[in-house]
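Novice: Structure of the sequence below:
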Amino acid sequence: MNSKNKNLAANGGKRKFVVIGIIAAVLIAGFFLVKSTGGGDSEASAGGDLKIPKSEVTEIAKFYPYKVGKTNMEVIAVKAQDGSIRTALNTCQVCFDSGKGYYEQQGDELVCQNCRNRFKIDQVEKVKGGCNPVPVLKENKTDDGTNIVISRDFLNQNKELFSNWGKK
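Specialist: Predicted coordinates for the structure are as follows:
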């Protein structure tokens, strides 16, 4: 092998290590990004109930991920003006099948990313039916003093509402 070919072979080997290093760094960063954007320190053991710490719920909506099988779901928790904690599935009762029927907060409203319907924070869990978030009613959750606990059974029963869910 002449010196030019030896240099090319050595540089090719170095490039492989650089590429592998970059891939590893991206995978590690992606893991920590997913962990850090989960909406808080909620506890959802594999297939268990979703526990939302009451201490972290404010007037700024937090979005708590939950997974049933291969279906990604999300629960909204927000504090209303009266101080009560309101919860809902982060999917629109009308637009859920579009894949874009999820909400983002703008001021004191949640906005459907499909139809752009605006929904007041104080209406979360109070209004049922129509183009708004699916409420998580009192019979589907408990308050243990520290956490709002949403039952695994309730979440499992509603996974179809997220079958086309496309939130990134």
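Novice: Tell me what the spatially most central residue of the chain is bridged to.
Specialist: Residue closest to the mean C-alpha point of the chain, counted by Cα atoms, centre = their mean, is residue 65 at 3.7 Å. Under the criterion DSSP bridges, residue 65 forms beta bridges with residue 74.
Novice: So it is in contact with residue 76, correct?
Specialist: No - in this structure, residue 65 is not within contact of residue 76 by Cβ atoms under 8 Å, at 11.4 Å. From N, CA and C alone the C-beta is placed, and that goes for glycine too.
Novice: thinking again about what came up before, do you know how far the residue nearest to the centre of the chain is from residue 151?
Specialist: 16 Å (Cβ to Cβ, to the nearest Å).
Novice: now do residue 91
Specialist: In terms of Cβ to Cβ, residue 91 sits 17 Å off from residue 151.
Novice: Surely residue 105 is within a strand?
Specialist: Yes - assessed by DSSP: H, G, I helix; E, B strand; the rest coil, residue 105 belongs to a strand.
Novice: which residues does it contact?
Specialist: By Cβ atoms under 8 Å, 6 or more residues apart in numbering, residue 105 lies in contact with 60, 61, 78, 111, 121.
Novice: List only buried entries from these.
Specialist: Taking 16 or more other Cβ atoms under 10 Å as the criterion, what is buried in the contacts of residue 105 is 61, 78, 111, 121.
Novice: Widest-spaced pair of the residues you listed?
Specialist: Using Cβ to Cβ, these span at most 13.5 Å, a distance reached by 78 and 111.
Novice: re earlier: now, the buried ones among the contacts of residue 105 that are in helices?
Specialist: Residues of the buried ones among the contacts of residue 105 located in helices (DSSP state H): none.
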